[in-house]
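Novice: Build me a model from this:
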Amino acid sequence: MTRNFAQNDRDLSSALHLDESFDLIRRPVQVGGRDAAFYLIDGFIKDELFEKLLEFFYSLAANDPAFQSPEAFLARAVPYCEAALETDGQNVLTAVLSGQTCLLVDGFNAAILLDIRTYPQRDTAEPEKDKVLRGSHDGFVETMVLNCALIRRRIRSPQLRMEYHSVGTLSKTDVTLCYLDGAADPKLLAKLRARLEDANVGALTMNQESLSEILFRHKWFNPFPKFKYTERPDAAAAQILEGDVVILVDNAPACMTLPTTIFDVLEEANDFYFPPLTGAYLRLTRYFVLLLMLLLTPVWLLLTENPAWLPESLAFLLPSEPPAVPIFWQLLILEIGIDGLKLATLSTPSMLTTSLSLIAGIVVGDFAVQSGWFSSETMLYMALVALGGYNQPSWELGYAMKFMRLGLLVLTAAFGLWGLIGGLAAILVILISNKTFDGQCYLYPLIPFNWRLLKKKLFRPSIRRQ
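Specialist: Presented below is the predicted three-dimensional model:
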């Protein structure tokens with residue numbers, strides 16, 4: 001930036017391509033008898049605050065002490081909002097495209113950046129996926145600044161850090177690292193900063209997913225989640241207080257938490273909004289249902305192929321009639337069919353969702369059994385598995401367990417009992433070899449064993465006085 005207003009004005013107007021974008025606005029004004037111009041994006045400005053600033057600027061006289069220097073102007077003439085001086089033209093361009101208002105004044109060798117922006121946003125309503133029976137009923141939104149404020153409201157400590165980063169050479173997406181100074185691991189923070197600074201990417205096209213693939217370059221065939229996602233600010237604040245790092249991405253209504261083990265992913269806010277006994281029961285139920293999801297259909301498939309292994313008292317578990325379609329193919333078709341119904345529900349207008357559910361549940365299920373395609377037992381067990389998938393909060397973990405279950409089905413169908421045992425051993429190896437972002441085992445504190453911490457993960461602990 002130079003003291004030549006015409007040169008600064010020409011350079012910034014050319015860089016913004018004002019004649020090609022209708023929402024980029026240049027507003028020439030006279031401030032104290034000097035040439036000046038505002039640069040802003042229509043729709044990002046608080047009109048009332050902008051009007052107040054204009055009234056104040058128009059009241060300045062030519063001999064006002066505010067025109068002695070950019071610093072004096074900032075101190076005396078900008079009373080209503082956050083403001084800063086910037087001499088780098090590229091930074092000015094980025095600030096304008098981020099929603100800030102730029103003011104160029106003749107004779108000043110710095111641009112005045114006014115933060116009077118507001119982003120279109122929805123209410124901080126409770127997220128659909130992370131509902132609780134008791135506790136807070138607010139949730140993150142797509143505006144990162146507001147999400148930071150929701151966390152600040154819960155942690156009123158000067159140790160709370162909100163560290164800003166910009167990722168993407170084109171998108172310049174705002175990313176914030178939230179952590180508690182003195183509690184978060186310094187090595188983890190240094191590794192995160194290095195990954196963000198070295199992120200050679202044009203844009204975070206898919207938002208948090210793009211960032212997760214940049215931060216954690218894991219093998220594509222390992223489906224277990226390396227981050228815990230939540231749309232609840234109370235859950236995010238709790239993770240920060242425990243020493244974890246929370247990552248907020250602009251335009252994303254959820255935060256990412258790391259480091260994350262499988263026990264962290266399985267935790268839910270409801271565990272802590274009830275007394276310790278109830279919270280422990282809910283948590284252990286979630287663990288049990290997770291194992292049931294994994295083992296129910298492969299074990300049942302093995303028993304249908306070896307009915308002599310069952311005593312007569314449990315013979316009702318087997319199909320009452322010989323199936324027209326092999327049990328393995330029934331289970332495989334239903335696994336894919338359930339996901340198809342989920343996708344159909346997501347793409348169906350909300351007013352028709354109930355009708356679609358009735359059609360899928362009554363017509364498809366009933367006639368599928370009557371036609372002989374599927375046995376009633378197969379439909380029952382797959383229904384239990386599908387319902388169990390909603391028992392835990394992480395979609396990523398749910399699909400990871402689904403892929404493991406499909407692998408067990410194939411191995412059991414091909415090799416019987418040894419296939420099931422081999423598949424379980426392979427899953428255990430995958431989990432043990434899986435590493436968190438800070439290099440720990442994914443099954444920690446089970447492997448390596450730490451009973452004190454494992455007890456805390458399995459049973460909801462009571463709050464103790466400091």
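
Novice: so where is this protein shaky, pLDDT-wise?
Specialist: Residues of the chain meeting the criterion pLDDT under 70: 218-220, 350-372, 463-466.

Novice: Tell me where the longest helix sits in it.
Specialist: Assignment by DSSP state H gives helix 395-433 as the longest helix of the chain.

Novice: gap between that one and the chain center?
Specialist: 27 Å (C-alpha atoms, centre = their mean, to the nearest Å).

Novice: List the buried residues of it.
Specialist: Within helix 395-433, the residues that count as buried by 16 or more other C-beta atoms under 10 Å are 396-398, 400-402, 404-409, 411-413, 419-420, 423-424, 427, 430-431. Bear in mind the C-beta positions are built from the backbone N, C-alpha and C, glycine included.

Novice: which residues of the stretch 201-350 of the chain fall in strands?
Specialist: Assigned by DSSP state E, counting those that start in this stretch, the strands in the stretch 201-350 of the chain fall at 228-230, 245-249, 255-258.

Novice: Show me what the longest one is packed up against.
Specialist: Which is strand 245-249. On a contact count with 3 or more C-beta pairs under 8 Å, 6 or more residues apart in numbering; DSSP states H and E, strand 245-249 meets helix 144-152, strand 173-180, helix 186-197, helix 208-215, helix 233-241, strand 255-258.

Novice: helix or strand right after the longest helix of the chain?
Specialist: Proceeding N to C from helix 395-433, the next assigned helix or strand is helix 451-458, under DSSP states H and E.

Novice: Go through that following helix and flag the buried ones.
Specialist: Buried residues in helix 451-458 (16+ other C-beta under 10 Å): Leu454, Lys457.

Novice: number of nearby residues for Arg156?
Specialist: 7 (other C-beta atoms under 10 Å).

Novice: and it, that one's in a helix?
Specialist: No: counting by DSSP: H, G, I helix; E, B strand; the rest coil, Arg156 is located in no helix; its state is coil.

Novice: residues in contact with it?
Specialist: If you count contacts by C-beta atoms under 8 Å, 6 or more residues apart in numbering, Arg156 has none.

Novice: and stretch 304-316, how far apart are its ends?
Specialist: Using C-alpha to C-alpha, to the nearest Å, one end of stretch 304-316 lies 11 Å from the other.

Novice: Quick check: which of the strands of the stretch 201-350 of the chain is nearest to Thr205?
Specialist: Smallest distance to Thr205 across those (C-beta to C-beta): 12.2 Å, for strand 245-249.

Novice: what's the closest non-adjacent residue to Leu453?
Specialist: Pro445 (4.0 Å; C-beta to C-beta, 6 or more residues apart in numbering).

Novice: Quick check on that neighbour: phi, psi?
Specialist: Here is the backbone geometry of Pro445 (degrees, to the nearest 10): phi -100, psi 20.

Novice: how many neighbours does it have?
Specialist: 19.
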